[in-house]
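Participant: What shape does this take:
(one chain, ligands or ions: 1)
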Amino acid sequence: MQRDFSELEQEAKNAIKTAQTPKELEAVLRLYTGKEGKITREIQAIPTLAVSERAEAGSALNTAKIQIAKAYAERQDELKQRAQKESGAEEFLDVTAPGKKIEYGSLHPLTLVQRVCGEIFGSMGFSIAQGPEIETEWYNFDALNIPADHPARDMWDTFWLKSEEAKSQRPKTKNPRFLLRTHTSPVQIRYLETHTPPVRIIAPGRVFRYEATDANHQINFYQLEGLVVDKDISVANFSAIIQEFFKRFFGFPVTVRLRPSYFPFTEPSFEVDMTCVVCKGKGCASCSHSGWLEIMGAGMVHPRVFNATGVDPAKWQGFAFGIGLDRLAMMKYKINDIRLLYEGDLRFLRQF
Ligand code: FA5
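Facilitator: Predicted coordinates for the structure are as follows:
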């Protein structure tokens, strides 16, 4: 006798279609094709059938099993989509849900420091000058009394730029090789070439040096050049201005020391150190464990710089300084590694 399983298959399909939750759907599947399921039991009973009926029953039950699995998968999809739609609608309607927080950006510590410097020096009568980051050998070195064969060039490890055109124009000194400026001092020359004294400027900007990095040194960093040219200017004027600057910048008087030094474009020259405000002079990574941090180079403008720019050194004197802005930022915000300023780590930047 031929066995008909289409009724059983239809019964399973109807139950699947009316299942309202994934849990219900699972239960229906178990009821028909699970271990003890109705279809499974029929399959297990095949050996009890007459030999002539077995093949046909096996094939019919197999087809029923496949059709049930298909119906199950379709219903599973429908239930999933319905759940997604419902959760979307719920979110949309949830008027009590908190609004999305707006993320505000913040200014980079170096930008903050540059702005504060601009305000303080601005209030002391300084205006802001600028120069290019790609400089010529003339402005970066020669005009600053550092000719090509001068050993002082080794003080600034330089990134030279390849330029066939520039090379072919050597040795015309005003159009020599190009480089990434190693300090902001070339702005002194550019400014004095185009302005007559008295002069009182600051020139903040990015500079580049081909040197190893550590907690205090970067290959590109920021300096702020200062230049004052007037009559009867002395080291005492520099000292007064810089002490006042530090007092206003940090909000309390800072101990500074002037160490005799050498720069070819100033005479006399000095390095200015300040007590490390991170460790209060005890010694830490920020100050290479010395308690002091070298913050700027400075000195009285060398007569050769005046000569190179057409300013009469018999009539005018001046002082110049170059502050390391990164080091200033490190002291102001107690940052113990200069590299943090360039890593773009949001966990660090969000603190400002
Ligand atoms: C100069 O660059 C001179 N142009 C400064 C100057 C200007 C002297 C005008 C006289 C008159 P120096 O190489 O020392 O000097 O650099 C000045 C300051 O830049 C240092 O005191 C330090 O604060 C900072 N600085 C120097 N090298 C680095 C570096 N690799 N990374 C971070 N800051 C640096």
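Participant: Contacts only, for whatever residue of the chain ends up closest to the ligand.
Facilitator: Here the residue of the chain nearest the ligand is Gly324; by CB to the nearest ligand atom that distance is 2.1 Å. (Each C-beta comes from the backbone N, C-alpha and C, glycine too.) If you count contacts by CB atoms under 8 Å, 6 or more residues apart in numbering, Gly324 has them with Phe221, Tyr222, Gln223, Glu294, Ile295, Met296.
Participant: could you dump these to TSV with secondary structure and pLDDT?
Facilitator: Converted to TSV, those look like this (DSSP: H, G, I helix; E, B strand; the rest coil; pLDDT from 0 to 100):
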residue	secondary structure	pLDDT
Phe221	strand	97
Tyr222	strand	98
Gln223	strand	98
Glu294	strand	89
Ile295	strand	92
Met296	strand	96
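Participant: Can you pull out the low-pLDDT segments for this protein?
Facilitator: Scanning the chain for pLDDT under 70 picks out 1-2, 88-93, 163-176.
Participant: again, only using 80
Facilitator: Confidence mapping of the chain against pLDDT under 80 gives the ranges 1-3, 86-95, 151-155, 163-176, 286.
Participant: Might one say that Pro264 is in contact with Asn145?
Facilitator: Yes: between Pro264 and Asn145 there is a contact at 4.3 Å, judged by CB atoms under 8 Å.
Participant: joint contacts of the two?
Facilitator: Shared contacts of Pro264 and Asn145 (CB under 8 Å, 6+ apart): His302.
Participant: returning to what we had before: just grab the bridge partners of the residue of the chain closest to the ligand for me.
Facilitator: With DSSP bridges applied, Gly324 shows beta-bridge pairing to Gln223.
Participant: Show me where the stretch 1-150 of the chain has its helices.
Facilitator: Counting by DSSP state H, counting those that start in this stretch, the stretch 1-150 of the chain has helices at residues 6-18, 22-33, 38-44, 51-93, 109-123, 137-140.
Participant: residues near the nearest residue to Val272 once chain neighbours are set aside, how many?
Facilitator: Distance criterion CB to CB, 6 or more residues apart in numbering; nearest residue to Val272, sequence neighbours excluded, is Met296 at 4.6 Å. Other residues lying near Met296 total 22 when counted by other CB atoms under 10 Å.
Participant: what bridges to Met296?
Facilitator: Applying DSSP bridges to Met296 yields these beta-bridge partners: Val272, Ile323.
Participant: The ligand contacts on this structure?
Facilitator: With CB under 6 Å from any ligand atom as the criterion, the chain comes near the ligand at residues 183, 185, 209, 211, 217-218, 221, 223, 263, 266, 269, 294-299, 320-322, 324, 326-327, 338.
Participant: filter these to the buried ones?
Facilitator: 183, 185, 209, 217-218, 221, 223, 263, 266, 269, 294-299, 320-322, 324, 326-327, 338 (16 or more other CB atoms under 10 Å).
Participant: Show me the strands in the stretch 201-350 of the chain, by range?
Facilitator: Defined through DSSP state E, counting those that start in this stretch, the strands belonging to the stretch 201-350 of the chain, from first to last, are 220-230, 256-263, 266-275, 292-301, 317-324.
Participant: my guess is Pro313 contacts Asn307, does it?
Facilitator: Yes: when contacts are counted by CB under 8 Å, Pro313 is listed as touching Asn307 (6.7 Å).
Participant: Share the number of residues neighbouring the closest residue to Thr196 other than its chain neighbours, please.
Facilitator: Spatially, and ignoring its direct neighbours in sequence, Thr196 is nearest to Val311 (7.8 Å; CB to CB, 6+ apart). Burial measure for Val311: 20 neighbouring residues, criterion other CB under 10 Å.
Participant: Backbone torsions only: list them for Val311.
Facilitator: With angles defined as degrees, to the nearest 10, Val311 shows backbone torsions of phi -100, psi 130.
Participant: and if you look at Leu180?
Facilitator: Leu180 has phi and psi values of phi -90, psi 120 when expressed as degrees, to the nearest 10.
Participant: same check, this time on the one 5 residues further on
Facilitator: Per-residue torsions, Ser185: phi -60, psi -30 (degrees, to the nearest 10).
Participant: give the contact list for it.
Facilitator: Neighbouring residues of Ser185 by CB under 8 Å, 6+ apart: Asn140, Leu144, Glu225, Phe265, Ala320, Gly322.
Participant: Please repeat the previous calculation with a cut-off of 6 Å.
Facilitator: Leu144 (CB atoms under 6 Å, 6 or more residues apart in numbering).
Participant: Using JSON lines, lay out the strands of the stretch 201-350 of the chain together with distance to Ala60.
Facilitator: Supplementary listing: the strands of the stretch 201-350 of the chain in JSON lines, determined by distance: least, CB to CB, whole Å:
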{"stretch": "strand 220-230", "distance to Ala60": "79"}
{"stretch": "strand 256-263", "distance to Ala60": "98"}
{"stretch": "strand 266-275", "distance to Ala60": "94"}
{"stretch": "strand 292-301", "distance to Ala60": "90"}
{"stretch": "strand 317-324", "distance to Ala60": "88"}
